[in-house]
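K.L.:
Requesting a structural model of the entry that follows:
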Amino acid sequence: MAKNISLFPVMNESLKAKAGIQVMPLKFYYIDEDEEVQLNAEESESGSFVYSIFKENAAYSHDEYNFCLERKYMIRSHKCLFGRDGIACANAELGIAAIWTSSESRQRGVIKGGSFTKDNSIVNTEIKHEFKTAQLRGRVDFSIVIYIKDPGRAFGDERHLANESGYVLGEIDRFSVVLDGTGSEFPIYEISEPTQPLWYIRCDWEDPTVDRFAEAVSIFINTAHKNFKYLDSGRKKLFDEQLINEIMASAIGIIIAKLKENKIFWEQTISDDNLHPGSVSQAVNYFINTHEWDVSSPESISFSIRKYLDKNGGAL
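P.N.:
This next block holds a predicted model:
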């Protein structure tokens with residue numbers, strides 16, 4: 001695979017160290033009746049900065065409340081970023097922004113932070129954002145970058161520098177957030193296939209201990225089927241919540257059965273406490289241990305799942 005090669009000088013590790021960039025701790029919270037309520041997070045992968053957000057406060061659910069994050073940045077010696085030996089013209093204005101992507105939610109966006117010029121003293125800025133209720137699901141990746149906010153006037157010894165508004169000059173920070181700690185929300189898609197059954201599931205993974213649940217597992221609901229009316233929440237008189245529970249129970253049973261086909265993967269799934277965050281195995285491990293499901297036989301799996309879904313109104 002070809003690598004992206006910049007035609008201009010960009011931020012590298014040496015320049016980051018020279019600039020004295022300091023990254024403050026992340027803050028996660030939600031708003032409840034105009035008050036900030038702090039959320040707990042755990043760094044899930046040593047060295048890769050993936051944070052799992054846990055619902056230790058029983059009142060919190062990202063389907064019911066917003067999700068907010070905040071991180072402050074300080075650049076003590078930013079002048080080295082400007083001029084001939086830097087990455088921007090001496091009289092340009094640079095900005096800091098977060099580029100975020102959520103494959104599960106099929107969304108991406110930019111959060112703008114502060115900006116600075118060579119004439120500033122110490123640079124203090126922050127990335128702060130509020131995501132709307134139920135806007136996100138699963139894992140969200142953040143890349144904090146420096147970019148050209150306003151280009152400068154390139155003098156003779158600066159013509160080799162990037163000088164276009166919006167041009168990204170490099171990354172200064174990277175982290176990911178996994179909401180609810182598992183990233184195990186079921187991706188459910190509506191399709192229209194007149195000759196196909198009401199629903200079916202696809203399990204497409206190579207290594208369930210690594211492959212992400214939200215990308216490896218898909219449930220398809222067939223809107224062209226004659227019985228789709230019982231799954232259409234817009235038709236309240238016909239909508240059958242129990243049918244949805246049965247679909248979910250069957251789907252989970254299929255996932256567990258498929259994992260059991262490979263003894264090595266299954267042993268890792270039920271016994272490994274350091275599974276990849278958001279992976280198929282971590283999600284199933286979470287379901288089994290948190291909900292105390294009996295997975296010793298096909299009959300006990302079916303019974304445990306259905307009993308739990310009935311008791312909790314279908315919520316996982």
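K.L.:
Run through the strands of the stretch 101-250 of the chain in chain order.
P.N.:
Assigned by DSSP state E, counting those that start in this stretch, the strands in the stretch 101-250 of the chain fall at 107-116, 123-131, 139-150, 168-178, 188-191, 199-203, 217-222.
K.L.:
What angle do strand 139-150 and the first one make with each other?
P.N.:
To tie it back to what came earlier, the one meant is strand 107-116. Between the axes of strand 107-116 and strand 139-150, defined by axes from the mean of the first three to the mean of the last three Cα atoms, to 10 degrees, the angle is 40 degrees.
K.L.:
hmm, who's touching strand 107-116?
P.N.:
By Cβ atoms under 8 Å, 6 or more residues apart in numbering, the residues outside strand 107-116 that reach it are 73, 75, 78, 93-102, 123-129, 135-136, 149. Where C-beta positions appear, they are placed from N, C-alpha and C, glycine not excepted.
K.L.:
Let me see the mean pLDDT of the strand or helix carrying residue 95.
P.N.:
Residue 95 is part of strand 93-102, with elements assigned from DSSP states H and E. Summarised as a single mean, pLDDT over strand 93-102 is 95.
K.L.:
what does stretch 13-20 give?
P.N.:
Across stretch 13-20, pLDDT averages out at 93.
K.L.:
buried sites along it?
P.N.:
Buried residues in stretch 13-20, defined by neighbour count with 16 or more other Cβ atoms under 10 Å: 15-16, 19.
K.L.:
what's the answer for stretch 268-288, then?
P.N.:
With burial defined by 16+ other Cβ under 10 Å, the residues of stretch 268-288 counted as buried are 268-270, 275-288.
K.L.:
Also stretch 22-41?
P.N.:
26-30, 39, 41.
K.L.:
Check stretch 136-155 too.
P.N.:
Across stretch 136-155, burial judged by 16+ other Cβ under 10 Å covers 136-140, 142-149, 151-152, 154.
K.L.:
Now list the buried members of the contacts of strand 107-116.
P.N.:
Counted by 16+ other Cβ under 10 Å, those give 73, 75, 78, 93-100, 102, 123, 125, 127, 129, 135-136, 149 as buried.
K.L.:
tell me the pLDDT at residue 224?
P.N.:
The model's pLDDT for residue 224 equals 94.
K.L.:
from what I can see it touches residue 193, true?
P.N.:
Yes. Residue 224 lies in contact with residue 193 (Cβ atoms under 8 Å); the separation is 5.8 Å.
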